[in-house]
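1. sequence and predicted structure, then a few things I'm wondering about:
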Amino acid sequence: MGTVTEVGSLYSRPVGYVYIFNLIVGAGVLAMPKAFSDVGWVLGIVLLAILAFMSFVTSTMMVEAMAAGNAVLLLRKQRREFERAPSERSRLLPYASSSVRDRSPSSAKGRLSPPPVHNLQHSTREEMADSGDHDECAASLYEIKDRVEMGTLAKLFFNRVGVVLYYVCICVYLYGDLAIYAVAIPKALVNVVCTPLNSTHHGNGTGNGTLNATDFDYSFDEPANLYGDDYYPGVGGVMSWISHPNKTSKDHYCFGYITDHRAYWIFLGCFALFLGPFTFFDLQKTKWLQLGTTVLRWAAFISMIALAGRQIVRDDPIKLTNAADFKMVPTMFGVSVYSFMCQHSLPSLVTPIKRKRGLSWILLGDFGTTLIFYIMVNFTAVFAFHSYELEDEYSNNFVVGSIAPKGMSYFLRLFPVMVLSTNFPIISITLRNNLKSLFLDPGKSYSFTVEKLVFPVAALLPPFIIAFTTKDLETLVGYTGSYAGVGVQYLIPIALVWCARRQLPEVTGGQYDNIHESPFSHRIWLLFVLVWSSACIIFNTLNHILSKK
């Protein structure tokens, strides 16, 4: 038996930092250098800094909304205890007047039903002030102890229309992400295993959490035998072009008689077998997977920066690049707008952290570290390679020629697999938890079958069914992912925090002493994020239009 808000085992702040960092840093960084070169290195750095800052702002607002949601759930729990204890009810009756009455979901003033906190924890506000423990009371009320997913927060603070819009947005985005991961990882593995080191391809990246299918679009319909019917080694010499009666000019073989199509199904099945089970457990079960791949991510970043730096030193003269080209802003924006996405999974990542004071500093460290890596990767790339030399997937620049050793080339080509493999469990667990919040009551316990089997399967099946039936997800990710992503990253956090700030004072006797309040608490920031969201939609639309030309 378990509850919807059950947290599981706790972990330290450094581990929490690693989890958030892994979620932010996606394979979309490989699509940035070409767009970064086109838009100009000065303008590119400015755009990345703005995107990082805006995502940091909404992340702190998301943490504030989580704390407010915990306060509401605590007050409701106290209300139930109050109703079950006649002696307590008689003692508090003079203070539990009309403000304690439940309000219907359709009420014009809100949906919160808990009694005022000063009625339940102190007889009067004067007693609370005299006792000197007001700050302690507020800290306890707003402490993030339960895992309150975005969906639960939506049901606490939004009206029915808002709840419906939220679930449409989050399901489209998360299911789209998982479907792209389910396609991208097998395709990336096929590319490494079934493509020689000196062949190239071109993709089209869109950012972090949202990836185009063309990011890893190694077309299985194009001839792979670029150099005649000669044997050439793949990974460990396992790939060869084999002549037999059924071979056609468009068949691409790896592992002997296994075509690339069949290799894709094999890798997809292995991916489902090895990473799918994580969805049935708490996020904490992926701890060693997250820590291990963090080391690999840092190694990949440092390797790309070092190899590009060596290329810059060897070049004479150094390659020149534009400082700013405003015509290319929509393209750069479309590639990098979701490169700092993490808001949808913050409840699952932040709640298990043992000491939560100063969460904004952890988030600042994550966004700052990610921004530095992004800038260094892109900055070295544009001075190491001409714009026309940069591949749409940057790791391929270290495959062609003698820029990187053979082993390093394979390692960098596997970077998308490393990144997406660790992000998939986080996203699938987030989707599972949101589905639970949609159909289950957070205050009740449910059977093992409902809690541990039904919802993980519901989160996993659709993405893998899509991945088994089609490899073309460009439309799904390019449109539904782009626009739903704006809602998840920007609009939902500001809507939640706005509703929380309006509704919590009504049920706490006018108090809103949220210890996790965002540093950007002024109303102007809400308006600023709203304007920024509109700009994101405009730039995304322009990018779609321009990319079709």
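-> Ah, there it is.
2. show me what contacts residue 349?
-> Contacts for residue 349 (C-beta atoms under 8 Å, 6 or more residues apart in numbering) come out as 16, 19, 20, 23, 283, 342, 426. (Glycine included, C-beta is placed from N, CA and C.)
3. most neighbours, which of these?
-> residue 342 (30 neighbours; other C-beta atoms under 10 Å).
4. pretty sure it sits against residue 20.
-> Yes. Counting by C-beta atoms under 8 Å, residue 342 touches residue 20, with 5.9 Å between them.
5. burial count for residue 504?
-> By the criterion of other C-beta under 10 Å, residue 504 has 27 neighbours.
6. next secondary structure after the strand or helix carrying it?
-> Using DSSP states H and E, residue 504 maps to helix 492-507. Later in the chain than helix 492-507, the nearest helix or strand by DSSP H and E is helix 523-547.
7. how distant is that following helix from the center of its chain?
-> 19 Å (C-alpha atoms, centre = their mean, to the nearest Å).
8. re earlier: need the overlap of contacts for residue 342 and residue 20.
-> Shared contacts of residue 342 and residue 20 (C-beta under 8 Å, 6+ apart): 349, 366.
9. ok, the residue most central in space within the chain - contacts?
-> In the chain, the centroid-proximal residue (C-alpha atoms, centre = their mean) is residue 342; its distance is 4.0 Å. Residue 342 is in contact with 20, 23, 24, 55, 59, 209, 349, 366, counting by C-beta under 8 Å, 6+ apart.
10. pipe those into CSV and attach distance to residue 539 per row.
-> Compiled in CSV, the contacts of residue 342 are given as follows (distance: C-beta to C-beta, whole Å):
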residue, distance to residue 539
20, 26
23, 23
24, 20
55, 15
59, 21
209, 17
349, 28
366, 24
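11. out of those, which are inside helices?
-> The members of the contacts of residue 342 that map onto helices under DSSP state H are 20, 23, 24, 55, 59, 349, 366.
12. out of these, which one has the lowest pLDDT?
-> When those are compared by pLDDT, residue 23 scores lowest at 84.
13. that one and residue 420 touch, don't they?
-> No. Residue 23 lies out of contact with residue 420 (C-beta under 8 Å); the separation is 11.4 Å.
14. where does pLDDT dip in the stretch 151-300 of the chain?
-> 195-253, 255-256 (pLDDT under 70).
15. please repeat the previous calculation with a cut-off of 90.
-> Scanning the stretch 151-300 of the chain for pLDDT under 90 picks out 151-152, 155, 160, 168-272, 274-300.
16. do a quick rundown of the strands in it.
-> Taking DSSP state E, counting those that start in this stretch, the strands of the stretch 151-300 of the chain run over residues 253-254, 258-259.
17. from residue 281, how far off is the residue nearest to the centre of the chain?
-> Here the distance between residue 342 and residue 281 works out to 21 Å (C-beta to C-beta, to the nearest Å).
18. check residue 384 too.
-> Distance of residue 384 to residue 281, given as C-beta to C-beta: 42 Å.
19. same question for residue 349.
-> From residue 349 to residue 281 the distance is 15 Å (C-beta to C-beta).
20. again, but for residue 321
-> 46 Å.
21. so between these two, which is more surrounded?
-> residue 321 (20 against 14).
22. kindly reformat the ones in helices among the contacts of residue 342 as CSV containing distance to residue 168.
-> Putting these into CSV (distance: C-beta to C-beta, whole Å) gives the following:
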residue, distance to residue 168
20, 26
23, 23
24, 25
55, 22
59, 22
349, 24
366, 29
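23. and which of the residues you listed is nearest residue 486?
-> Closest approach between these and residue 486, by C-beta to C-beta: residue 55, at 11.7 Å.
24. so what's that closest one closest to, chain neighbours aside?
-> Nearest residue to residue 55 in three dimensions, chain neighbours excluded: residue 340, at 3.7 Å (C-beta to C-beta, 6 or more residues apart in numbering).
25. tell me the secondary structure for the one you found?
-> Counting by DSSP: H, G, I helix; E, B strand; the rest coil, the backbone at residue 340 sits in coil.
26. shouldn't it be in contact with residue 24?
-> Yes. Under the criterion of C-beta under 8 Å, residue 340 makes contact with residue 24 at 5.7 Å.
27. can you tell me which of the ones in helices among the contacts of residue 342 is nearest residue 193?
-> The nearest one, if we look at the ones in helices among the contacts of residue 342 relative to residue 193 and count by C-beta to C-beta, is residue 23, at 27.3 Å.
28. separation between that closest one and residue 322?
-> Separation of residue 23 from residue 322 (C-beta to C-beta): 32 Å.
29. what do you get for residue 177?
-> With C-beta to C-beta as the criterion, residue 177 and residue 322 are 33 Å apart.
30. next one: residue 424
-> 37 Å.
31. then residue 270?
-> 43 Å.
32. these two: which is more packed in?
-> More neighbours surround residue 322 than the other of residue 270 and residue 322, with 16 against 13 (other C-beta under 10 Å).
33. give me the phi and psi for the nearest residue to that one once chain neighbours are set aside.
-> In this structure, residue 322 finds its nearest non-sequential neighbour in residue 40, 4.1 Å apart by C-beta to C-beta, 6+ apart. The phi and psi values for residue 40, taken as degrees, to the nearest 10, are phi 100, psi 140.
34. quick one: neighbours of residue 40, just the number.
-> 21.
35. list the contacts for it?
-> Contacts of residue 40 (C-beta under 8 Å, 6+ apart): 321, 322, 323, 324, 325, 328.
36. and which of those residues is nearest to residue 510?
-> Nearest to residue 510 among those, with distances taken as C-beta to C-beta, is residue 324, at 50.0 Å.
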